[in-house]
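> A structural model of the following input is requested.
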Amino acid sequence: MGDIRVAIAGLGNCASALIQGTHYYRNSRAEDEVPGLMHVDFGGYFPKDLKFVAAFEVNRKKIGLDIADAIWAEPNCCAKFAPDVPKIGVKVLPGPISDGVAPHMRESFFVYDEKEIEPVDVAEELRKAKADVLVTYLPVGSAQGTRIYAQGALDAEIGYINAIPEFVVSDPKSPIVQGFERKGIPCAGDDIKSQLGATILHRVLAQLFDQRGLILENTYQLNIGGNTDFENMQVEDRLSSKRISKTEAVTSCVHYELPTKIGPSDYVPFLQDNKVCYISMRSRAFGDLPLDLDLKLSVQDSPNSGGVIIDVVRAVKIAMDRGIGGELSSISSYSFKHPRYQINDFEARVRVDEFIEGKRER
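Numbering: from 1, shown residues only. Alright, predicted model coming up:
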């Protein structure tokens, strides 16, 4: 069905996993059972169809490098599961800094000097690259930066995906989202949900407790990791939206008030891209007797979302092929922690499959 021309804002660990993954799964066929992909064939598009045509960064160690080389530059620490990614022939561009880097991260992020390097015009570069879709992978807390890139995608009239917890796509009152709807351009978000990460696991358990007649009294989810995402979130002001996103994803699964403590807990540098999650759930069962669950999940954080983004990119491209604009509710509910509509994860999977078949979203 042709290539899907993808641009990326923020060439960190998640972008590294995405780019490695499209190469790693380049020979996947529809009839194969492939670990790590929820859909090998997504409406006629395959992982190999994603072509990376533009990348924006503020890290001076990445700017000017071929995208395939930049994904290994400091401070990236994503596992090298596809170390033979070939040169792409596209150099990383200096993107606008805005609020994309926290003050305590400027040195470790190797931020370029704006007196020496001028940031590019995002929309202009997207047009030059003839991109179909822009994916935002900025650090958590990049409220202004996210909107700069979203507006750039809108101005360039291409599909947009917001992978971070800034509530742009999920807000029906957002002038940017209204612009996508008015122009008939698809968008999806907000805050990517890993294939099997802390949020979806916690959500499914909450749904299970609720469906089996258990009353949750309280629950918490603590997360630690050593990548730049966790380093960035040491400043509480930058992770308020992250806490909201993760908390609402869980509390939306029950119909009563649920005391919670959910979100990033600490930065442990030696863990690097390994994320460790602890979930605790306290409930009342038959006879008002206690039923408690404590669980530990350990996972490579960035690759855990790679397959999900590959699905989202293909969904947005299908929407473009069909002339569907605005927020894509099925893929957003399936793939993001803070979609406009929170629905049961298994129902969301059904809706995505119906979307692929042309039965949903017009």
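> where in this structure is pLDDT low?
Low-confidence segments of the chain (pLDDT under 70): 360-362.
> show me where it has strands.
Along the chain, counting by DSSP state E, strands occupy 4-9, 50-57, 93-94, 133-136, 159-162, 186-188, 215-225, 260-267, 274-284, 290-300, 326-327.
> okay, the angle between the first one and strand 50-57?
In this structure, strand 4-9 runs at an angle of 20 degrees to strand 50-57, with axes from the mean of the first three to the mean of the last three Cα atoms, to 10 degrees as the basis.
> figure out which of the strands of the chain is closest to Val122.
Across the strands of the chain, Val122 has its closest neighbour in strand 50-57 (6.8 Å, Cβ to Cβ). All C-beta spots, glycine's among them, are computed from the backbone N, C-alpha and C.
> who does the closest one pair up with?
strand 4-9 (parallel), strand 93-94 (parallel) (DSSP bridges).
> mind listing residues that contact it?
Strand 50-57 is contacted from outside by 3-11, 15, 18-19, 22, 63, 67, 70, 88, 90, 92-95, 120, 122, 125-126, 128-131, 149, 310, 313-314, using Cβ atoms under 8 Å, 6 or more residues apart in numbering.
> which among these end up buried?
4-11, 15, 18-19, 22, 63, 67, 70, 88, 90, 92-95, 120, 122, 125-126, 129, 131, 149, 310, 313-314 (16 or more other Cβ atoms under 10 Å).
> wait, which of the strands paired with strand 50-57 is closest to Val204?
Closest of these to Val204 is strand 4-9, at 29.4 Å (criterion: Cβ to Cβ).
> quick one: residues in contact with that closest one.
Contacts of strand 4-9 (Cβ under 8 Å, 6+ apart): 15, 18, 45, 49-56, 67, 95, 122, 125-126, 129-138, 145, 149, 158, 313-314, 317.
> I'd like the strands of the chain as a markdown table, with distance to Ala198 appended.
Formatted as a markdown table, these follow (distance: least, Cβ to Cβ, whole Å):
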| stretch | distance to Ala198 |
| --- | --- |
| strand 4-9 | 24 |
| strand 50-57 | 26 |
| strand 93-94 | 33 |
| strand 133-136 | 21 |
| strand 159-162 | 20 |
| strand 186-188 | 21 |
| strand 215-225 | 6 |
| strand 260-267 | 8 |
| strand 274-284 | 4 |
| strand 290-300 | 6 |
| strand 326-327 | 25 |
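> out of those, flag the one nearest Glu236.
Here strand 260-267 is closest among these (Cβ to Cβ), at 9.8 Å.
> so which elements touch that closest one?
Contacts defined by 3 or more Cβ pairs under 8 Å, 6 or more residues apart in numbering; DSSP states H and E place strand 260-267 against strand 215-225, helix 228-232, helix 240-251.
> any chance of TSV for the ones you listed, columns distance to Glu357 and mean neighbour count?
Output for the helices and strands packed on strand 260-267, formatted as TSV (distance: least, Cβ to Cβ, whole Å; neighbours: other Cβ atoms under 10 Å):
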stretch	distance to Glu357	mean neighbour count
strand 215-225	35	19
helix 228-232	35	23
helix 240-251	27	21
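> residues contacting Tyr220?
Thr260, Lys261, Ile262, Tyr278, Ile279, Ser280 are the contacts of Tyr220 under Cβ under 8 Å, 6+ apart.
> the same query, at a cut-off of 7 Å, please.
Thr260, Lys261, Ile262, Ser280 (Cβ atoms under 7 Å, 6 or more residues apart in numbering).
> and those residues, which is closest to Ile192?
Ile262 (16.5 Å).
> and the closest one, how far from Phe270?
24 Å (Cβ to Cβ, to the nearest Å).
> when these two are compared, which one has more neighbours?
Ile262 (24 against 6; other Cβ atoms under 10 Å).
> shouldn't the more buried one be in contact with Gln221?
Yes. Here Ile262 reaches Gln221: they are 4.4 Å apart, a contact under Cβ atoms under 7 Å.
> next one: Gly152 from Ala131, what distance?
10 Å.
> please apply the same query to Phe56.
For Phe56, the distance to Ala131 - Cβ to Cβ - is 11 Å.
> check contacts around the nearest residue to Ala348 once chain neighbours are set aside.
Excluding the flanking residues, the one nearest Ala348 by Cβ to Cβ, 6 or more residues apart in numbering is Tyr334, at 3.9 Å. Neighbouring residues of Tyr334 by Cβ under 7 Å, 6+ apart: Ala348, Arg349, Val352.
> show me which helix runs longest in the protein.
If each helix of the chain is counted by residues according to DSSP state H, the longest one is helix 303-322.
> buried ones in it?
Buried residues in helix 303-322, counted by 16+ other Cβ under 10 Å: 303-320.
> ok, residues contacting that helix?
Applying Cβ under 7 Å, 6+ apart, the contact partners of helix 303-322 are 4, 6, 14, 17-18, 21-22, 36-39, 42-43, 45, 47, 50, 78-79, 81, 132-133, 135, 159, 161, 163, 186, 188, 192-197, 328, 331, 335, 355, 361.
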